[in-house]
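Peer 1: Coordinates only, no sequence provided:
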């Protein structure tokens, strides 16, 4: 069946450090892929998405590229800020348009 | 524009009691979803509705029921709460008519069953 695997957290970085959060998926076909972010005490909100192979989603300095060869959708940011501290969820959209989420990765950025 | 609202914000409930979590959206989205979020497990789909009048079971539907009488409202009911239903519950909605679409999430309801 479909599934998403994310690196376990928490990830702790200093401000301006480079961020990578790994995400791999198992699915039939080529599903759309998403990164959602959850700030403390809030619901999830879409960060970026990619709908086909080799697409790059980007938003707020974050990027992720849909790699069908490695079934991956790793999240990157060149220089993190304290305000990026949150939980990040990778997700895929199945054939009936429902989302399947990874377990989430908590990011803590220290000043 | 409110987006999605959920009520209550939090609740402590005795085991065996009945509880309804409310969810309302004002975006006229056709699809709505209920998830539970548990540490280390991410979000798991409980029930969904692709359009008013229809509902479907998600990954963890046991112990929960939903209804979709109209486009805006999608209440989740726990008929007889058990401690394993202690969780944070999120409602979401989307315009899923063509896929690849963003789901919009409410702020969540933190439920504790004692």
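Peer 2: Structure's in. What do you need? In this text the structure is predicted, and so the values were computed from the model without any measurement.

Peer 1: and chain B, which of its residues are near chain A?
Peer 2: B:4, B:31, B:33, B:40-45, B:48, B:58, B:90, B:92, B:94, B:96, B:99-108 (Cβ under 8 Å from any Cβ of the partner chain). Where C-beta positions appear, they are placed from N, C-alpha and C, glycine not excepted.

Peer 1: Now list the buried members of those residues.
Peer 2: B:4, B:31, B:33, B:42-45, B:48, B:58, B:90, B:92, B:94, B:96, B:101, B:103-108 (16 or more other Cβ atoms under 10 Å in any protein chain shown).

Peer 1: Quick one: the strands in chain A, in order.
Peer 2: Ranges of strands in chain A, per DSSP state E, are A:3-6, A:11-14, A:19-21, A:23-26, A:33-38, A:44-50, A:56-59, A:62-65, A:75-77, A:86-93, A:99-101, A:105-110.

Peer 1: Kindly report the same for chain B.
Peer 2: Assigned by DSSP E, the strands in chain B fall at B:4-7, B:10-13, B:19-25, B:31-38, B:42-49, B:56-57, B:64-66, B:76-78, B:87-94, B:104-105, B:109-113.

Peer 1: Format these as a markdown table; extra columns: mean pLDDT.
Peer 2: What follows is these, written out as a markdown table (pLDDT from 0 to 100):
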| stretch | mean pLDDT |
| --- | --- |
| strand B:4-7 | 96 |
| strand B:10-13 | 96 |
| strand B:19-25 | 98 |
| strand B:31-38 | 95 |
| strand B:42-49 | 94 |
| strand B:56-57 | 96 |
| strand B:64-66 | 98 |
| strand B:76-78 | 98 |
| strand B:87-94 | 96 |
| strand B:104-105 | 93 |
| strand B:109-113 | 97 |
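
Peer 1: out of those, which comes closest to residue A:17?
Peer 2: Minimum separation from residue A:17 across those (Cβ to Cβ) falls at strand B:42-49, 24.8 Å.

Peer 1: tell me the contacts of the residue in chain A that chain B sits nearest to?
Peer 2: Using Cβ to the nearest Cβ, the closest approach of chain A to chain B is made by residue A:43 at 3.4 Å. Residue A:43 sits next to B:4, B:90, B:92, B:105, B:106, B:107, B:108 when contact means Cβ atoms under 8 Å, 6 or more residues apart in numbering or on different chains.
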